[in-house]
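A predicted structure for the sequence below; I have some questions about it.
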Amino acid sequence: MKDPAKQAQTAVALMGTPLEDLGPQFRDFFATVNTDLGNFRGSTDKAGAALKDNLGDRFNILIRNLQSSLAPLGETLVSLAEKALPPITQAVDTLATAFSSMSPSMQMVILAIAGILAAIGPLVVIFGTIISSIGTIITAFSAVSGAFAAFGPVV
């Protein structure tokens, strides 16, 4: 502000008194403000750097780098999916249309057969485990009966 009258009016509005009344300390304060603000900026820069150099930020940087590295793989997988999924989607749509056009009793028969087929897989695994365990159980019984035979008959 170049106009001295406006400067005086602004000083009175801000400080409640003319600048001359504030004395030389006020002038000296404003002479060092620029230097002090520069020091303040340096302190805030250091504080900001300290906040950014922490475990969370370092982890986020690693995650972003990993995402960037995996982007080409993702693009390839999306391209494959775009080629493979339309025929699969069309087949599922055809099956759903055929299933919905059947009578309710026929739908129940198909669902029952599908349920039986779905249950067969786990049942085969369970029976296979039981059958393979029988050999181990027989071996254990024969070892125990041999130990009892060594003691002789119990009277």
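Thanks, I have it.

next, the contact list for Pro18, please.
8, 11-12 (Cβ atoms under 8 Å, 6 or more residues apart in numbering). In this view, the C-beta of every residue, glycine as well, is placed from N, C-alpha and C.

mind doing that once more with 10 Å?
7-9, 11-12 (Cβ atoms under 10 Å, 6 or more residues apart in numbering).

counting by contacts, list what the lengthiest helix in the chain packs against.
Longest helix in the chain, counting residues (DSSP state H): helix 104-151. For helix 104-151, the elements it packs on are helix 55-100, judged by 3 or more Cβ pairs under 10 Å, 6 or more residues apart in numbering; DSSP states H and E.

from the contact counts, what lies against the helix it packs on?
helix 24-52, helix 104-151.

list the contacts for the residue nearest in space to the middle of the chain?
The centroid of the chain falls nearest to Ile63 when counting by Cα atoms, centre = their mean (10.0 Å). Contacts for Ile63 (Cβ under 10 Å, 6+ apart) come out as none.

what angle do the longest helix of the chain and helix 55-100 make?
Angle of helix 104-151 versus helix 55-100, following axes from the mean of the first three to the mean of the last three Cα atoms, to 10 degrees, is 120 degrees.

helix 104-151: how far from the chain's middle?
Offset of helix 104-151 from its chain centre (Cα atoms, centre = their mean, to the nearest Å): 40 Å.

can you check stretch 54-70 too?
On Cα atoms, centre = their mean, the centre of stretch 54-70 falls 12 Å from the chain's centre.

now it: buried residues?
For stretch 54-70, the buried set under the neighbour-count rule, 16 or more other Cβ atoms under 10 Å, is empty.

and Val125, how far from Ile131?
11 Å (Cβ to Cβ, to the nearest Å).

kindly report the same for Phe59.
51 Å.

pLDDT weak spots in this structure?
1, 19-20, 22-41, 152-155 (pLDDT under 70).

what about 80?
1-2, 4, 7-8, 11-12, 14-55, 145-155 (pLDDT under 80).

what is the neighbour count of Met108?
Look at Met108: counted by other Cβ atoms under 10 Å, it has 11 neighbours.
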